[in-house]
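Trainee: One predicted model, sequence on top.
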Amino acid sequence: MNNINPPICATCHLRGDGCCRIEPGYESFMFGLLPQEIERISLDTGMTSSQFTVTDTPRSDFVKELATWFPPQAEILREGKRVRLMTDHGTCVFLTDEGCSLSKDARPFYCRMYPFWFDQQGNIHLTRSNTCLAQQGTASIFGVMSKLGVEREELEALWNQYLQLIKSQR
C-alpha cells in the first residue's frame, strides 16, 4: 500500500470496528502465520515470538472452509496446529489509535492484502465486510483499491511472494 496506514483504516479502527479486531471467542477463525512472517515481526519490533503469537488448534469447520476458498492457508494448517497473532480482548496486539504499529513490510501477508485475495486461477476477490469503511459506498473492487491506495500489481506481487513462502514450507 502506498500509505503505511491509510487514513480510512485509522478512522475505521477508531470507531471500534476494523479488520484488526475480532470478536472474542472467534479467534479460531484467524489466519495462521508463516515462520518468515514471525521472523519479520520479531526483527521489526525486537519482540520474541512468544510476546505476540499464540499456538492453538483452529476449528475443523474453519480449516475445511479455508481449503475451499483459500487453499494455500489451509495447507499450513494441515497438521492441526496454527501459530497466529495474539489478541487482547479481540484486538490485535499491534493495533494502536493510528492503526497498525508494524512497519508495512513486517506485517503478515494476510494483513497487507486485506480485504483482497486471489483464487487459484489468479482472479482477485474482495472479502466483504459490513464494517470496512473502504467498502462502504463503493460498488467495485477497484474503488476499494483506490480508497486504500493500493494497485492490483502490488497485490499480485504480495500474493506471489506468499505462495512462494508456502511452497518453501512443504
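Mentor: Arrived safely, thanks for sending. Numbers count the residues shown, from 1 in each chain.

Trainee: Which elements pack onto the one helix or strand residue 155 maps to?
Mentor: Per DSSP states H and E, residue 155 falls inside helix 152-169. Counting contacts by 3 or more Cβ pairs under 8 Å, 6 or more residues apart in numbering; DSSP states H and E, helix 152-169 is packed against helix 35-45, helix 71-76, helix 109-113, strand 116-118, strand 124-126, helix 141-148. Every C-beta, even on glycine, is put in place using the N, C-alpha and C of the backbone.

Trainee: how about these in JSON lines, adding distance to residue 21?
Mentor: Shown next, in JSON lines, are the helices and strands packed on helix 152-169 (distance: least, Cβ to Cβ, whole Å):
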{"stretch": "helix 35-45", "distance to residue 21": "18"}
{"stretch": "helix 71-76", "distance to residue 21": "20"}
{"stretch": "helix 109-113", "distance to residue 21": "12"}
{"stretch": "strand 116-118", "distance to residue 21": "19"}
{"stretch": "strand 124-126", "distance to residue 21": "19"}
{"stretch": "helix 141-148", "distance to residue 21": "17"}
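
Trainee: which one of these has the lowest average pLDDT?
Mentor: Across the helices and strands packed on helix 152-169, helix 71-76 has the smallest mean pLDDT, namely a mean of 76.

Trainee: which residues sit against it?
Mentor: 31-32, 34, 63, 66-67, 82, 110, 120, 162-163, 166, 169-170 (Cβ atoms under 8 Å, 6 or more residues apart in numbering).

Trainee: Quick one: mean pLDDT over the helix or strand following that helix.
Mentor: Per DSSP H and E, the first helix or strand lying C-terminal to helix 71-76 is strand 82-85. Averaged across strand 82-85, pLDDT comes to 92.
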